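Visitor: no sequence on hand, only this structure:
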């Protein structure tokens, strides 16, 4: 069936919460950026933060993740199948599951994990 632009993104968002990452598997060349930004512009929140495997160092990923978690941003982590990113995923998921000292997960926070 036909879906409106961003329709599947909206469905996934409605089923998500701040402590459950959303996994998106794309074929090579696929891109959901426009759909995410379209939905985000209607949804509001603390902005969209992008993480890319091979671009940001681990410390940079954790700082940006922390920022997103506390401000209610949507964090889009592209390239989770990259060898560099895989060990970090456990840390990210663990951080989402519990509140670290002094860090509460904002209810509008969403983590989008992109696999290609």
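Guide: Structure received. A quick note: this is a predicted structure, and the numbers were derived from the prediction, not measured. Residues are numbered from 1 along each chain as shown.
Visitor: element containing the closest residue to residue 62 other than its chain neighbours?
Guide: Among residues not flanking residue 62 along the chain, residue 91 sits closest, at 7.2 Å (Cβ to Cβ, 6 or more residues apart in numbering). Every residue, glycine included, has its C-beta placed from N, CA and C. Taking DSSP states H and E as the criterion, residue 91 maps to helix 86-97.
Visitor: and that helix, how far from the chain's centre?
Guide: Distance of helix 86-97 from the chain centroid (Cα atoms, centre = their mean, to the nearest Å) equals 12 Å.
Visitor: quick one: least confident helix or strand in this protein?
Guide: helix 7-15 (a mean of 67; mean pLDDT, DSSP states H and E).
Visitor: contact partners for residue 50?
Guide: 75-76, 78 (Cβ atoms under 8 Å, 6 or more residues apart in numbering).
Visitor: quick one: secondary structure of it?
Guide: Classification of residue 50 using DSSP: H, G, I helix; E, B strand; the rest coil returns strand.
Visitor: okay, it: pLDDT?
Guide: Residue 50 carries a pLDDT value of 84.
Visitor: what residues are bridge-paired with it?
Guide: Counting by DSSP bridges, residue 50 forms beta bridges with residue 76.
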